[in-house]
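1. I'll drop the sequence and a predicted model, then ask my questions.
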Amino acid sequence: MDLLRSLPLGLYLEQPQTWLHKLDPRVKFGWLMSFLTTYIFASTMWRVVLVLVLIFITLVACIPRRVWRQQMVWLLMLCLFVLAIASISPDGLGVKYQPRMPSASTAELLKPVNSQPAPSPATQTPTLRNNTPTIDKAAQNQRGKEYSYILFQQRPVTINRRSFDLAVRLSTIVFTVIYSTNLYLLTTAPEEITAGIDSLMQPLRKLNIPVTEMTLTLTLSLRFIPLVLEEVQNLGRSIVTRAINWKKLGWKGSVKVWMMVAERLLDNLLLRASQMAGAMMVRGFTSPNEHRVRWSDLRLKGGDWLALLGLCLFWGARLWFGGSDYPIIP
C-alpha cells in the first residue's frame with residue numbers, strides 16, 4: 001500500500017513539466033476560483049460543461065496517465081454513486097403526482113351531453129369553418145408534446161425530473177470541487193501557491209492583516225500533507241507485518257489496537273512538527289517579516305495573458321447561457 005502513489009491528493013508533480021506548470025500561479029488561482037464559483041446559481045448544463053472542461057484540460061495538458069487515471073476513475077465512480085442515490089431519493093416536495101390531462105375513461109365521463117343536434121356543415125359560418133382546422137392542429141400538437149414529471153417508475157424505484165436534476169447538480173459539484181482543487185495542487189508547487197496568494201493579498205496589509213504569517217502557515221500545511229500520508233503508510237505496513245488475528249481479538253480488542261495506532265500517529269505527527277519548528281529556529285527564522293524568502297519571481301508572460309483571455313471568455317459564456325434553470329424569487 002503506497003499512499004504517495006495510489007492516492008496523490010495535494011501532491012505536486014515535479015516531472016514532467018507541462019504547460020500548466022509554467023503558468024503564473026495567480027492566473028491558475030483565478031481559474032480555480034472561477035471553477036469553484038461559477039456553478040453557484042448555474043444551470044445543469046453549465047455544471048456538466050465544467051466537468052467536461054476539467055477532463056479536457058487534463059487530457060490536453062499531457063499529464064502522465066499514471067498520475068490522474070486512478071484518481072479520476074475513483075472520483076467518477078463516487079459521482080456516479082451519488083447520482084444514482086440522489087436520483088431515486090424523494091425530491092422533498094411531498095406531493096402526489098397526477099397526469100395533467102385526464103385519462104380516456106375520465107374524459108368520457110366528463111364529456112357534456114349535447115341536447116341539440118350538431119349543425120350541418122352548410123349552416124356553419126365561414127369563420128367557424130375556417131377556425132376549426134386551426135383548433136384541430138393545436139390539439140394535435142398539444143397531444144404530441146406530452147409532459148411527464150415521472151421519468152422512470154418501476155416499484156420501488158421512482159425517478160422524477162426534480163430528483164434527477166438535483167442528482168446531476170450534486171454529482172457535478174462533488175467532481176468540480178475535488179478535481180479542480182487537486183489539479184491546481186498537482187501542477188503548482190506549494191511555494192508558488194503561497195507566493196501567488198501573498199501577492200494577491202498585498203492590499204490587505206493596509207488593514208493590519210498578517211498576510212505573511214498566513215501564507216507561511218499555508219506553505220507549512222501543504223508541505224505537511226506528504227508527511228501525514230507517509231506516517232499513515234508506515235503504520236499501516238507495521239500492522240500488516242504483525243499478522244494480527246482480528247477474529248481472536250474481537251471488536252473490543254480491535255478498537256483498542258486502532259486507538260493505539262491513532263495515538264501513535266498523533267505522536268509521530270507532533271514529533272515531525274517539532275522537528276520542523278526546530279529546523280526553522282536553527283536557521284535563524286525569527287519572524288516572517290524579518291526572514292522573508294522569495295520563493296519565485298512572479299511575472300506574467302505570453303501564455304499567462306492567453307490564459308487570462310480564456311478566463312474572460314469563460315466568464316462571458318457563464319453570464320451568457322449558464323444562468324440558473326430556476327428563477328430566483330426574492
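-> Yep, that arrived. Note that the structure is predicted; figures quoted are calculated from it, not measured. Residues are numbered from 1 along each chain as shown.

2. element containing residue 159?
-> Element membership of residue 159, judged by DSSP states H and E, is strand 157-160.

3. partners of that strand, with directions?
-> According to DSSP bridges, strand 157-160 forms sheet pairs with strand 150-154 (antiparallel).

4. what residues go with each domain of the chain?
-> 8-93+151-188+300-330, 211-298 (automatic domain parsing).

5. And the contacts of the strand or helix carrying residue 313?
-> Using DSSP H and E, residue 313 sits within helix 302-321. For helix 302-321, contacts defined as Cβ atoms under 8 Å, 6 or more residues apart in numbering pick out 19, 22-24, 27-28, 30-31, 34, 38, 42-43, 45-46, 300. C-beta: built from backbone N, CA, C; applies to glycine.

6. and with 10 Å instead?
-> Residues outside helix 302-321 that contact it (Cβ atoms under 10 Å, 6 or more residues apart in numbering): 19-20, 22-28, 30-31, 33-35, 37-39, 42-43, 45-46, 49-50, 53, 298, 300-301, 322.

7. List the buried residues of that helix.
-> Going by neighbour count (16 or more other Cβ atoms under 10 Å), the buried part of helix 302-321 is 304, 307, 308, 314, 318.

8. I'd guess residue 70 is in a helix, am I close?
-> Yes - Residue 70: assigned to a helix according to DSSP: H, G, I helix; E, B strand; the rest coil.

9. For it, the count of nearby residues, please.
-> 14 (other Cβ atoms under 10 Å).

10. picking up where we left off before, tell me the gap between the helix holding residue 313 and the middle of its chain.
-> Its chain's C-alpha centre and that of helix 302-321 lie 20 Å apart, by Cα atoms, centre = their mean, to the nearest Å.

11. Quick one: mean pLDDT for that helix?
-> The average pLDDT within helix 302-321 is 88.

12. Pull it out as PDB, backbone CA atoms only.
-> What follows is helix 302-321, C-alpha atoms only, in PDB (Å, rounded to 0.1, in the frame of the first residue of the first chain):
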ATOM      1  CA  GLY A 302       2.600  35.400 -23.100                       C
ATOM      2  CA  GLY A 303       0.900  32.200 -22.000                       C
ATOM      3  CA  ASP A 304      -0.400  33.900 -18.900                       C
ATOM      4  CA  TRP A 305      -2.100  36.600 -20.900                       C
ATOM      5  CA  LEU A 306      -3.700  34.000 -23.200                       C
ATOM      6  CA  ALA A 307      -5.000  32.200 -20.100                       C
ATOM      7  CA  LEU A 308      -6.400  35.500 -18.800                       C
ATOM      8  CA  LEU A 309      -8.200  36.000 -22.100                       C
ATOM      9  CA  GLY A 310      -9.600  32.500 -21.900                       C
ATOM     10  CA  LEU A 311     -10.800  33.300 -18.400                       C
ATOM     11  CA  CYS A 312     -12.600  36.300 -19.600                       C
ATOM     12  CA  LEU A 313     -14.300  34.200 -22.300                       C
ATOM     13  CA  PHE A 314     -15.100  31.600 -19.700                       C
ATOM     14  CA  TRP A 315     -16.900  34.100 -17.500                       C
ATOM     15  CA  GLY A 316     -18.600  35.600 -20.600                       C
ATOM     16  CA  ALA A 317     -20.000  32.200 -21.500                       C
ATOM     17  CA  ARG A 318     -21.200  31.700 -17.900                       C
ATOM     18  CA  LEU A 319     -23.100  35.000 -17.900                       C
ATOM     19  CA  TRP A 320     -24.500  34.400 -21.400                       C
ATOM     20  CA  PHE A 321     -26.000  31.000 -21.200                       C
END
